[in-house]
Structures are given as C-alpha cells and as structure tokens.
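Student: The sequence and its predicted three-dimensional model are supplied below.
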Amino acid sequence: MIEIQNSTYRTLGYIKNDEIQDSSYKTLGYIKSGEIQNSTYRTIGYIKNGEIQDSSYRTIAYIKSGEIQDSSYRTMAYIKNGEIQDSSYRTMAYIKNGNIDSVVAALWFCFFKIGI
C-alpha cells in the first residue's frame with residue numbers, strides 16, 4: 001500500500017491495488033490501465049505517455065524528467081525522492097512505499113486533495 005502524506009506528514013490517503021482512498025480508507029476513485037475513474041467508476045481522466053488528460057482527452061499536465069508541467073509547459077511541481085514539491089520547491093506531499101507510477105497516481109490525487 002502506498003501512503004500519501006502532506007507536508008506535515010499527515011496522511012491524506014492511500015493507493016492500494018489501483019484504488020485511491022482517503023485517510024479514512026473511503027474509496028475516492030480508481031486507476032486502471034491508465035484510466036482514472038471516480039468512486040462510481042465514471043472515467044474522469046487518463047494517464048498515458050507522461051500526460052495527464054481529462055475525460056475529453058485534453059492534456060492538463062505533463063510529467064517530464066521529474067517535473068510536472070501544465071498544458072502550456074509551465075512547471076507546476078517537481079517530483080524528487082518521494083516528494084512532490086511546488087514550483088518554489090516547497091514540499092506539498094510525500095509518497096511512502098511507491099515508485100514513479102505511484103507518484104503519478106498520487107499527483108492526480110493531489111490535484112483534488114491539496115490543489116496543485
């Protein structure tokens with residue numbers, strides 16, 4: 001299980017077997033084969049080839065070499081050593097027990113929970 005913590009190490013949620021849960025283990029959504037679904041299995045976006053897309057396939061962010069960029073290629077955040085940092089290098093979230101795929105999943109979680 002992957003744990004997502006905020007900058008003060010408070011648990012925001014978990015990613016477990018493609019399921020995204022809040023800190024109370026309530027299911028918020030799913031990530032299955034690059035498809036992001038809400039808790040009722042409605043597709044709300046996609047993650048593929050380093051892009052995060054909305055449900056209409058519009059690119060809303062890029063993941064490139066440890067950077068998270070918006071659709072205009074402006075750096076919004078950085079991924080470094082299990083941390084998600086904002087564009088000023090302030091830590092926004094920590095990823096425990098995860099790899100780059102889980103960081104991308106956590107990024108999506110963060111869009112909703114801590115507002116990149």
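Tutor: Received it, and whenever you're ready, just let me know what you need.

Student: ok, the closest residue to Gly50 other than its chain neighbours - how many residues close by?
Tutor: Once flanking residues are discounted, Gly50 sits nearest to Ile63: 4.7 Å by C-beta to C-beta, 6 or more residues apart in numbering. C-beta: built from backbone N, CA, C; applies to glycine. By other C-beta atoms under 10 Å, 19 other residues sit near Ile63.

Student: any idea how far Gly34 is from Ile63?
Tutor: 13 Å (C-beta to C-beta, to the nearest Å).

Student: low pLDDT regions in the protein?
Tutor: Scanning the chain with the threshold set as pLDDT under 70 gives 99-116.

Student: Give the helix, strand or coil label for Tyr57.
Tutor: coil (DSSP: H, G, I helix; E, B strand; the rest coil).

Student: list the contacts for it?
Tutor: Tyr46 (C-beta atoms under 8 Å, 6 or more residues apart in numbering).

Student: Pop out the phi and psi values for it.
Tutor: Per-residue torsions, Tyr57: phi 70, psi 20 (degrees, to the nearest 10).

Student: Which positions are bridged to Gln37 in the beta structure?
Tutor: On the basis of DSSP bridges, Gln37 is bridged to Tyr30, Thr43.

Student: Show the residue spans covered by the strands in the protein.
Tutor: 2-6, 11-16, 19-22, 27-32, 35-38, 43-48, 51-54, 59-64, 67-70, 75-80, 83-86, 91-96 (DSSP state E).

Student: related to what we said a few turns ago, hmm, Gln53 and the residue nearest to Gly50 touching each other?
Tutor: No - using C-beta atoms under 8 Å, Ile63 makes no contact with Gln53, being 11.8 Å away.

Student: what sits against Asp70?
Tutor: Per C-beta under 8 Å, 6+ apart, neighbours of Asp70: Ile60, Ala61, Tyr62, Met76.

Student: how about 10 Å then?
Tutor: When contacts are counted by C-beta atoms under 10 Å, 6 or more residues apart in numbering, Asp70 touches Ile52, Thr59, Ile60, Ala61, Tyr62, Met76, Ala77, Ser87, Ile116.
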